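> Sequence and computational prediction follow.
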Amino acid sequence: MKIPLEWLNDYVTIRLTPEALAERLTMAGLEVTGIERVDGQPVLDLEITPNRADCLSIIGVAREVAVMTGQRLKPSKLGIRNSEFGVRRKIRTPHSALRIRIEDRKGCQRYVGRLIEDVRIGPSPAWMQERLIACGLRPINNVVDITNYVLFELGQPLHTFDFDRLTQGTVLVRRAQPRESITTLDGVKRTLSAAMLVIADAKQVVAIAGVMGGVGSEVTGRTRRVLLESALFDPVMVRRTARQLGLASESSYRFERGVDPVGVEAASARAASLIQQLAGGSLCVVRDVGAKPGKKTVIILDARQANRWLGTVFPPTTMRGLLAKLSCRVASSGAGEIQRVEIPSFRRDLARDVDLYEELARLAGYERLPVRLPSASMATRCAESPSSYWRMQSLRCLCASLGLTETINWALVSEAELVRCGQATDQAVRLSNPLSQDFTYLRSSLVPGLLRSVRRNLTQGVADVRLFEVGNVFPPRSKGVSLEVPRLGMALAGVWVRDWRTNEPSDFFRLKGIVAAILSRLCDADAQAYPAEVPWSEPGRGAHLMIGGEPIGQIGQVAKTVAADLDIDENVFVAELFIDRFLAIKHSATKAASPPMVPPVKRDLSVVVNDDTAFEAVHRTIREVAGALAVRVELIDRYTGNQVPKDHHSLTFSIDYRDPVRTLTAEEIDAVHRHIGEALVQRFSAQLR
């Protein structure tokens, strides 16, 4: 909206330069996008936000300038009463000549019509034309220019009809009839719909309410009697009509945002007065139909709450002073903390107490508000105990220290991902209104998301994919209830070490070692891996992880069919652990031990066992037989080939024997070593090598 400063000066004295005024207005929320000069006079170009419809006028911007500069508005020219019109001659038009009826009270709440006769149509005075041109309008004639002038001055759209061209002197505010049409003032014939509000006479449509008039009733040089319209139309209906017709106007722009209900009568009186002065008219008839303005909006403002929201310490008296600048009437109760604020009719954007908080901040100046972080009481993130939360954080740090990178995936998966990983869709939690087919179910496992992350990393050229994720899943429902439980997922693919000496790939044992390190650190327990059919794993390459007979997760190599379905060429190894189960295991305090006094005695043991024999069982047997003397039992080689029978493999262990207080003899070590071999032969039909 363009605001000529010369016109603005009629209502408030401008003591600032145009540039300084533009900066003050912008800081107050009325952004000035440019300053131009028309005939040497500065004109501000303002970008008005939709909520500040009161500033779509000269008087509205003048109010803002007065508030910012601490001034009062100049004596108003707007208090025009009907009795102030000079009647120049005897009125010949009977009072009943003008008939106005509102058939759609929702679309039009109020309609004020003034019939003015003996009007002389001609050019408007130069000062008015100059102001309209500065606002971007083209002068037409004195009567039409007056309605545009008042529109920019007060923000209330007006329209004038040639009264003698209205059939039977009738004005009907109604909905358009199906396929009814009108040729608007821009010369375009437009077909209307039943959802559109129109102004009609006794025969046809003469204007589209709130948008544009028609050529059949426009004011011309032959017009002698003028009907001046000032109305309050429904913003939603005007907006919808303007959009459907592709017809925007200065009137629709203001009606869409809402006009001042009280301003309907004031604008009509102002325009009628100007018509009398500049076009020689005499007021004949005034019709005011519809609902008069209701009670003003009242907001209860708690000064203490306002200060909490703004982070300020404004006393109630300061708040009352700031709000009074907005033409608000403020009444306090008690100590003044609770204030009853009556909102002026033109500030339709002020409806709640938070709206007043924003005005207080704006009027005080945002630069005066203290800069501080908001404070709030926050509950402990882990409802069970604070220690569980920190153990979860330790879990993340531990995974990162073991060379893994954290990934965060969506908690939503597709049906295809569930089926691919062997999970039943009938037990999964399905969204009633999913955003897309890719996000249909709540995940019951971290594996689908991890595989998605592995594929993305590999396709982006990452050679060593080492990922972990800590997140909640929604396991199969029990009795119709779905629980949310935490899981830890890990995935390896590609190489583990790649340099000029070696090219070591990631494998099952690398992942199993990471799992063992995590469990050893967090719960002082060793997990046993028992071969099992895991839904997403390669046959014979999956296992259940157990601690003391309690399942705590799954581990394995992703099935090649699953990997191929995701266009993954590398071997992928995945583990998923039940966090709540292994964190529930009692964690003993770490004890420091002094360095051993005697060196260990190292021995190797190689055995050939059947492929069905689990490593964990062999390892556990060695530990049981050796007892405390075996301080280290480590698998150093696994061999399959021509040197061992079919369906068998060879395991080679390195064992450290040591007594904490004395040096063991060769005979003692040989005896223990022999007992271990005998136990393996007896339990697993092993062959010693």
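Structure received. Everything numeric here is computed off the predicted structure, so don't read it as measured data.
> And the contacts of the helix ranked longest in the chain?
Counting by DSSP state H, the longest helix found in the chain is helix 666-684. Under the contact criterion CB atoms under 8 Å, 6 or more residues apart in numbering, helix 666-684 has outside partners 601, 603, 605, 607, 609-610, 613, 617-618, 621-622, 624-626, 629-630, 655, 657, 686-688. Using the backbone N, CA and C atoms, a C-beta is placed for each residue, glycine as well.
> For PyMOL, what selects the buried ones among these?
Buried residues among these (16 or more other CB atoms under 10 Å), as a PyMOL selection:
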select buried, resi 601+603+605+607+609+613+618+621+622+625+626+629+630+655+657+686
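> What average pLDDT does the longest helix of the chain get?
Averaged over helix 666-684, pLDDT sits at 92.
> quick one: buried residues of it?
Neighbour-count burial for helix 666-684 flags 669, 672-673, 676-677, 679-680, 684 (criterion: 16+ other CB under 10 Å).
> so which of those residues comes closest to residue 54?
residue 684 (90.2 Å; CB to CB).
> can you pull out the strands in the stretch 201-350 of the chain?
In the stretch 201-350 of the chain, the strands defined using DSSP state E, counting those that start in this stretch lie at 205-208, 212-213, 226-233, 282-290, 298-302, 329-333, 338-342.
> could you dump those to JSON lines with distance to residue 373?
Formatted as JSON lines, the strands of the stretch 201-350 of the chain follow (distance: least, CB to CB, whole Å):
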{"stretch": "strand 205-208", "distance to residue 373": "53"}
{"stretch": "strand 212-213", "distance to residue 373": "53"}
{"stretch": "strand 226-233", "distance to residue 373": "46"}
{"stretch": "strand 282-290", "distance to residue 373": "52"}
{"stretch": "strand 298-302", "distance to residue 373": "23"}
{"stretch": "strand 329-333", "distance to residue 373": "31"}
{"stretch": "strand 338-342", "distance to residue 373": "28"}
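> Any idea which of those gets closest to residue 650?
Closest of these to residue 650 is strand 298-302, at 81.8 Å (criterion: CB to CB).
> so what strands line up beside the closest one?
Its sheet considered, strand 298-302 pairs with strand 338-342 (antiparallel) by DSSP bridges.
> what about the helix or strand of the chain with the lowest mean pLDDT, distance to the chain center?
Within the chain, no helix or strand scores below helix 386-401, which has a mean of 81 by mean pLDDT, DSSP states H and E. Relative to the centre of its chain, helix 386-401 is centred 31 Å away, using CA atoms, centre = their mean, to the nearest Å.
> ok, then the element right after that helix?
Sequence-wise, the next helix or strand downstream of helix 386-401 (DSSP states H and E) is strand 405-406.
> so what secondary structure elements neighbour that following strand?
helix 386-401, strand 464-473 (3 or more CB pairs under 8 Å, 6 or more residues apart in numbering; DSSP states H and E).
> Those: which one's closest to residue 250?
Nearest to residue 250 among those is strand 464-473 (55.8 Å), distances taken as CB to CB.
> Helix 386-401 and that closest one, what's the angle between them?
Angle, strand 464-473 to helix 386-401, by axes from the mean of the first three to the mean of the last three CA atoms, to 10 degrees: 160 degrees.
> Give the buried residues for strand 464-473.
For strand 464-473, the neighbour count (16+ other CB under 10 Å) marks 464-471, 473 as buried.
> and if you look at stretch 320-335?
320, 322-323, 325-328, 330, 332.
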